[in-house]
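Peer 1: sequence first, then the predicted structure, then my questions.
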Amino acid sequence: MSVSLKGLDHGSRKKLKKWLPLLEKVNQLGSKMTFLSDKELRDYADKLKRRATEEPLNNLVIESFALVREASKRATGLYPYDVQVLGGFALYYGHIAEMNTGEGKTLVAAMPSFTMALLGRGVHVVTVNDYLAKRDADDIGRIHRFLGMSVGCVLQDMKDDERRRAYACDITYITNSELGFDYLRDNKVYNLKDRVQRELFYCIIDEVDSVLIDESRTPLIISTVRSDTKDLYVRCNAIVAELVRGDAHKELSKMDVLSGVRQQENGDYIVDEKNRTVHLTPRGVKTVERLLGINNYASIEHDSLRHYIQIALQAHGLYKRDVDYVVNNGIVEIVDIFTGRIAHGRRFSDGLHQALEAKEGVKISDESVVEATITYQNFFNKYVEKAGMTGTARSSAKEFDVIYHLQVVTIPPNRPLIRKDEADYVYLTKDAKRRAVLKMIVECHKKGQPVLVGTTTIEESEIFSELLKKKHIPHNVLNAKNYAVEANIIATAGEFGQVTIATNMAGRGTDIKLTDASRAAGGLFVIGTERHEARRIDNQLRGRSGRQGDPGRSRFCLSLEDDVTRLFGAERTIAMLRGLGAKENEPIVHHAVHKLIENAQKKIEDNYFSVRKSLLDFDLVNNEQRELIYAQRNTILNGGNPDRFMSRLVDQVAVQLVNNYFDGPRDAWQMDGFLAEWHSIFGDTFTLSTDKEVMYRRAMDVAHDAYRKKMDKYALLSELRDMERYVILTAIDGCWLQHLAYLDHLRQGIQFYAYGQQDPVLVYKDKAYTGFEALLNAIAFNAVCFFFEIQPGDNPEVYQSSNLSRTPEELLKVDPFEVSEEEILLHQQEVESKDESLDGQVSNEVSNDSEGQMDESSVTLETEDKSDMSNDFESETDESGNLLDENDVNEDEANVGVTDEENEDDESSELMGQELLDSKAEIDDKG
Ligand code: ADP
Ligand code: MG
């Protein structure tokens, strides 16, 4: 066995050393497998399946891997290399296998996917596009089918029953977006049999960095349409178009921004490209007020106007045509910044898409209202086990660990990598850089060496294309605008004399093979023309060359005018270099330059990481609530007993009504209002009492009588239960939808108001929790109202989830954005006192966010407060003084206030009303 662990990082080496003996056993067993007949191999597989029900899977993994290896040889002609088996172990044990392009990761996945599928709980192999899902299901599926496993594939245009069949297979190939959307859709069904997915048990994510990092910045959203806001977009666009873009003369620190300092600004609005924000200057606010004909732009009543102005500002200030989006036949389409492709069908959220349409003067599409949403982070973390593979994970190892608890294991290549990665050429100007690139292409082309030129934008790829045309060099352009032929072009990019221009990651997953002639000419030469925002993506580009020991070279040609450097103080460096006599047409060799580029890229990476981390932090709050609501839905869907559920909701409404109308001192009680509302819901009369306690008891009694009478009207228990189930689900869905909008609104607001020194996530959490209480009350009200209104024999579908009698937001009596004078004052003081101490630290701190680091002053504060804080926790500790662990708490919670009789068929997941809130509070305390 000859696997070299040289040059690997410590962690990977440690893991691989542990697996080498396993590999040896797989090899030994493998030689015996060759003597088995096809039928005997299949019987072996069946035997493993049976054994998997009795023994731990770890006992079977050697046999299983050896079996798949032999089956692969017979079904596909490919015999997995030793390093591929090691990669298989990395996936089996739930890690990320980092293996270069061309190492054969698709085949690697065959071993762990088969092994995990022995458990019969379903394995998902996740790819980045439909083409790859189909290709891999066909190619690798052959091996699994050979061994008697069923293999399915879910594609975008499939109907529900096809999907359900594919998910029911032992192994399912599918794209990340189909997977996530099916999950969301499954949680909107009214009938269990309408679901398509089984449980989320084990997945292997191919191109895992693309899915879990690059794509995770945009959450998955299912939405419905509203069309009444088009005029607003047009109007706000017209206003912003009249504004004058200014600039700020001082670099603002994060603290400055937080505290609203806007120094030496001119014009109406300022674009901060570095932080990707746009804001109005005080003059701009005046201009907008004048153009809109309003007095106070900042007031709460103009919340939504501000929203539309703000996105119009973003559309004009931050989003560039042909870089961030393209306009094709009057349609605005997103350009995926990582693949450079048009992301067909994907849309910018929060109205930005409409704002861009208004800016481009094309037809404004309907605005969407979020019905269900989840981030990839939260979705993939639902799996019991997960694993991933890619050519480039190491530089994002920390993010994988922090967010997904995945470790990166680098697997050595099958054949040593001999590609030459040459030192960067850096030029003063873009023009000089382009000329140099062109010269290199011409030279290679002369001797027939294939060249792949990577650009970060479509615009740039077109510029190169024009330059090559002038030189009469035939070439292919691979970019967002001709996606259809992409796979073909990339497949031939390694042939003799080929010149291919591609936005950086176009064609991920398709292999570039050399021919004998192109190999002799030196193999594929990759030229990068700009650093990407993540080192990972640059490495992907280089990795297109040098597969399986092929010859090849790579070089990046950069300029100090490139976006990456321009935003990070390149001007000073340029001036300095010119001072030192740097020539335009010669590459600069100066350590300051390389340092500048390296730092700039690192800063951008860190910045994006914190954006994703912050998205996750916010979404974790949503996630807790989503889980509770989905669990609630599941209890109802799973049959359960809706009577008891409904009966609790009736209680809740009765109590709530008393609370609402009998608040404060006696003379403030609103008896008439109470009676009227009571009558409108329960239809019964009610005898009031002057004792509030009596009122509570009476309200519950009377409501229950009414409920029982209502139940008695149904001759069939099944009809009653169907009806109850329907109205409860309708109420949950309708209220949840409203609540999602509320959360969205809340989040935007929190960013606008920047609540002083408070952690915006905590503020969000707090306010989201209040909103959740309102949500639960709204669900109860709507379900109960629906139920009492409806008659046996009615078609329940007349009750649409959009016809809420009370929205959660109506029940939420406080304005979430109300900021008291004291709060503002406090905030200002805090800002003043912290301003100096923090200034200058902020920029390096971004990268530390993920580890929850705080500035030192707050750390000290906490230690001092420790003694007091421990008292606050007392109620959470058990007698021995230990913090209860999660399981203990759940068990205790589930039994509180539940009588034995009720406990009988009580599933532990059946939480309702107040209990839901309690369990929510419990999760909060953990956070
Ligand atoms: P990756 O995803 O790692 O870039 P692929 O899975 O696309 O690589 O495989 C690249 C090529 O290598 C494919 O043509 C595949 O058929 C071939 N290949 C993979 N494993 C083997 C093997 N063990 N022996 C021979 N060819 C292999
Ligand atoms: Mg691949």
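Peer 2: In hand now; what should we look at? Ligands and ions are numbered 1, 2, ... in the order given.
Peer 1: do you know how far the closest residue to Asp324 other than its chain neighbours is from Leu775?
Peer 2: Nearest residue to Asp324, sequence neighbours excluded (C-beta to C-beta, 6 or more residues apart in numbering): Val335, at 6.0 Å. The way it works is simple: take the backbone N, C-alpha and C, and place the C-beta from them, glycine included. Going from Val335 to Leu775 by C-beta to C-beta, to the nearest Å gives 37 Å.
Peer 1: which one's more surrounded, these two?
Peer 2: Comparing Val335 with Leu775 by other C-beta atoms under 10 Å, the one with more neighbours is Leu775, at 29 against 24.
Peer 1: can you tell me the SS state at the more buried one?
Peer 2: helix (DSSP: H, G, I helix; E, B strand; the rest coil).
Peer 1: Phe65 sits in which helix or strand?
Peer 2: Following DSSP states H and E, one finds Phe65 within helix 61-76.
Peer 1: next SSE downstream of that helix?
Peer 2: Downstream of helix 61-76 (by DSSP H and E), the next one is helix 82-92.
Peer 1: partners of the next helix or strand after that following helix, with directions?
Peer 2: Per DSSP H and E, helix 82-92 leads on to strand 96-98 as the next helix or strand towards the C-terminus. Strand partners for strand 96-98, identified by DSSP bridges, are recorded as strand 385-390 (parallel), strand 408-410 (parallel).
Peer 1: the longest helix in the chain is where?
Peer 2: Scanning the chain for the longest helix, with DSSP state H as the assignment, gives helix 591-637.
Peer 1: rewinding a little: what does the helix holding Phe65 rub up against?
Peer 2: Applying C-beta atoms under 8 Å, 6 or more residues apart in numbering, the contact partners of helix 61-76 are 22, 25-26, 29-30, 33-34, 36, 38, 41, 44-45, 48, 78-80, 85, 88-89, 92, 107, 110-111, 114-115, 118, 139-140, 142-143, 145-147.
Peer 1: repeat for stretch 697-717
Peer 2: By C-beta under 8 Å, 6+ apart, stretch 697-717 touches 643, 646-647, 650-651, 653-655, 657-658, 678, 682-684, 686-687, 689, 720, 723, 787-788, 791-792.
Peer 1: rerun that using 7 Å as the cut-off
Peer 2: If you take C-beta atoms under 7 Å, 6 or more residues apart in numbering as the criterion, stretch 697-717 is touched by 647, 650-651, 653-655, 657-658, 682-684, 686, 689, 720, 788, 792.
Peer 1: likewise stretch 172-184?
Peer 2: 122, 124-130, 133, 136-137, 152-154, 156, 163, 166, 196-197, 211, 215, 220, 222, 372, 374, 376, 379.
Peer 1: CA atoms only: put it into CSV for me.
Peer 2: Only the C-alpha atoms of stretch 172-184 are listed here, as CSV (Å, rounded to 0.1, in the frame of the first residue of the first chain):
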residue,chain,number,x,y,z
THR,A,172,-31.5,9.3,-3.8
TYR,A,173,-29.6,11.8,-6.0
ILE,A,174,-30.9,15.3,-5.8
THR,A,175,-29.9,19.0,-5.9
ASN,A,176,-29.7,21.0,-2.7
SER,A,177,-32.5,23.3,-3.7
GLU,A,178,-35.0,20.6,-4.6
LEU,A,179,-34.2,19.0,-1.3
GLY,A,180,-34.8,22.1,0.7
PHE,A,181,-37.9,23.1,-1.2
ASP,A,182,-39.4,19.7,-0.8
TYR,A,183,-38.8,20.0,2.9
LEU,A,184,-40.7,23.3,3.0
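Peer 1: PyMOL command for the buried members of the contacts of stretch 172-184?
Peer 2: The buried residues among the contacts of stretch 172-184 can be selected in PyMOL (16 or more other C-beta atoms under 10 Å) with this line:
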select buried, resi 122+124+125+126+127+128+129+130+133+136+137+152+153+154+163+166+196+197+211+215+220+222+372+374+376+379
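Peer 1: so which of the contacts of stretch 172-184 sit within strands?
Peer 2: Residues of the contacts of stretch 172-184 located in strands (DSSP state E): 124-127, 152-153, 220, 222, 372, 374.
Peer 1: between these, which is nearest ligand 1?
Peer 2: Thr127 (10.0 Å; C-beta to the nearest ligand atom).
Peer 1: look up how far Asp139 lies from that closest one.
Peer 2: Counting by C-beta to C-beta, the gap from Thr127 to Asp139 is 12 Å.
Peer 1: got a list of what whichever residue of the stretch 351-500 of the chain sits closest to ligand 1 touches?
Peer 2: Using C-beta to the nearest ligand atom, the single residue of the stretch 351-500 of the chain nearest to ligand 1 is Gly391, 6.6 Å away. Gly391 sits next to 99-101, 540, 543 when contact means C-beta under 7 Å, 6+ apart.
Peer 1: recalculate using a threshold of 8 Å.
Peer 2: Taking C-beta under 8 Å, 6+ apart, one finds 98-101, 103, 539-540, 543 in contact with Gly391.
Peer 1: dump those residues into TSV; add secondary structure as well.
Peer 2: Below are these laid out as TSV (three-state DSSP):
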residue	secondary structure
Glu98	strand
Met99	coil
Asn100	coil
Thr101	coil
Glu103	coil
Asn539	helix
Gln540	helix
Gly543	coil
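Peer 1: which ones are touching the residue of the stretch 101-250 of the chain found nearest ligand 2?
Peer 2: In the stretch 101-250 of the chain, the residue that lies nearest ligand 2 is Lys105 (4.8 Å; C-beta to the ion). Applying C-beta under 8 Å, 6+ apart, we find Lys105 in contact with 87, 97, 99, 206, 389-390.
Peer 1: again, only this time at 6 Å
Peer 2: 99, 389 (C-beta atoms under 6 Å, 6 or more residues apart in numbering).
Peer 1: ok, back up a step: quick one: the next helix or strand after the longest helix of the chain to chain centroid distance?
Peer 2: Using DSSP H and E, the helix or strand that follows helix 591-637 in sequence is helix 642-661. Centroid separation for helix 642-661 versus its chain: 37 Å, with C-alpha atoms, centre = their mean, to the nearest Å.
Peer 1: and helix 642-661, what does it pack onto?
Peer 2: Taking 3 or more C-beta pairs under 6 Å, 6 or more residues apart in numbering; DSSP states H and E as contact, the helices and strands that helix 642-661 lies on are helix 692-712, helix 717-753, helix 760-789.
Peer 1: rounded mean pLDDT for stretch 740-760, please.
Peer 2: Predicted confidence along stretch 740-760 averages 70 (mean pLDDT).
Peer 1: quick one on the thing from earlier: adding mean pLDDT, write the strands paired with strand 96-98 out as JSON lines.
Peer 2: Below are the strands paired with strand 96-98 laid out as JSON lines (pLDDT from 0 to 100):
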{"stretch": "strand 385-390", "mean pLDDT": "97"}
{"stretch": "strand 408-410", "mean pLDDT": "98"}
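Peer 1: so which of those gets nearest Ser559?
Peer 2: strand 385-390 (29.2 Å; C-beta to C-beta).
Peer 1: please pull up the helix or strand immediately following the closest one.
Peer 2: helix 397-404.
Peer 1: what does that following helix contact?
Peer 2: Counting by C-beta under 6 Å, 6+ apart, residues outside helix 397-404 touching it are 96, 377, 406, 408, 609, 850.
Peer 1: just give me how far that helix sits from the chain centre.
Peer 2: Counting by C-alpha atoms, centre = their mean, helix 397-404 comes out at 14 Å from the chain centroid.
Peer 1: that one: which residues count as buried?
Peer 2: Here helix 397-404 shows 397, 399-400, 402-404 as buried, counting by 16+ other C-beta under 10 Å.
Peer 1: ok, now stretch 600-610?
Peer 2: So, applying 16+ other C-beta under 10 Å, buried residues of stretch 600-610: 600-601, 603-610.
Peer 1: between the residues you listed, which sits nearest ligand 1?
Peer 2: Distances from ligand 1 to the buried residues of stretch 600-610, taken by C-beta to the nearest ligand atom, are shortest for Glu605, at 23.4 Å.
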